[in-house]
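**Student:** generate coordinates for the sequence data below:
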Amino acid sequence: MRILVVEDEEKLAEAIKKGLEKEGYAVDYILDGEAGQRRIEINHKDYDLIILDLMLPKVSGFDIAKNTRHLGILTPILILTARDAIEDKVSALDSGADDYLVKPFSFEELFARVRALLRRPEQALPVELKVKDLSMNVNTRKVHRNGKEILLTLKEFGLLEYLMRHPNQVLTREQILDHLWDFAFDSFSNIVDVHMKNLRKKVDTEFHDKLLETIRGVGYKIRA
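**Tutor:** The predicted structure is shown next:
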């Protein structure tokens, strides 16, 4: 899952980014409202969630939420702000926000609210994924093949989940990078190939039926 943070306090934005990345998310942050609005308009399909401050330079969080919904963009929005007045909460939610968290906050609560919002996409996504004898529970982050548990890193889990949600579909390296890494990542890096190699060792090596397939010069797919 990929998250956009629009927050003008850079130290806080960096702290949120680091905290969410430890939970396995890819995170970008932007420090002013105008740039945030532009990123959302152009790249909203790249993000699964927007974390938005209200008091931003150039364009306020209220206006960003309102403009985002006016454009028909349904990406969940979590407001993160020091403004704790009831009228601010009502106004933000009426502007199109999905949730509201007041600063100072605990990261545990932020993570819980992020998980809750990501469970409510435009179309309900199944928690249990299955491709042949490979199964995954997205909530418990448990993966089994033929009854044997497979231990994965957070990035390997995210990569496998992305593949399992698109069985028999070729996913390009660019699509995988966009989904699992942030905007600053070098698109010429071989990081996707390295993670796929490690994932293949864990998922396929001990089994006769190979599920992960390389499409030379294009990307990867999982065979269902």
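**Student:** for the rest of this, base every contact and every neighbour count on C-alpha atoms.
**Tutor:** Fine.
**Student:** sticking with Leu20, tell me its helix or strand.
**Tutor:** Assessed by DSSP states H and E, Leu20 sits inside helix 10-22.
**Student:** which residues are contacting the helix or strand just after that helix?
**Tutor:** Past helix 10-22, further along toward the C-terminus, the next helix or strand under DSSP H and E is strand 26-30. Residues outside strand 26-30 that contact it (C-alpha atoms under 8 Å, 6 or more residues apart in numbering) are 1-8, 13-14, 17, 20-21, 36, 179-183.
**Student:** tell me which helix or strand in this protein has the weakest average pLDDT.
**Tutor:** helix 173-180 (a mean of 84; mean pLDDT, DSSP states H and E).
**Student:** elements contacting the helix or strand hosting Ile40?
**Tutor:** Using DSSP H and E, Ile40 maps to helix 33-43. For helix 33-43, the packing partners by 3 or more C-alpha pairs under 8 Å, 6 or more residues apart in numbering; DSSP states H and E come out as helix 61-70.
**Student:** avg pLDDT for the helix or strand following the helix it packs on?
**Tutor:** Following helix 61-70 in sequence order, the next helix or strand is strand 77-81 (DSSP H and E). Computed over strand 77-81, the mean pLDDT rounds to 93.
**Student:** could you point out the helix or strand that follows strand 77-81?
**Tutor:** Elements were assigned by DSSP H and E; along the chain past strand 77-81, the next helix or strand is helix 86-95.
**Student:** just the pLDDT for Ala124.
**Tutor:** Reading off the model, Ala124 has pLDDT 51.
**Student:** ok, now the one 3 residues further on?
**Tutor:** Val127 is assigned 72 on the pLDDT scale.
**Student:** same thing with Leu199?
**Tutor:** Leu199 is assigned a pLDDT of 95 by the prediction.
**Student:** residues in contact with it?
**Tutor:** Leu199 makes contacts with Leu152, Glu156, Leu160, as judged by C-alpha under 8 Å, 6+ apart.
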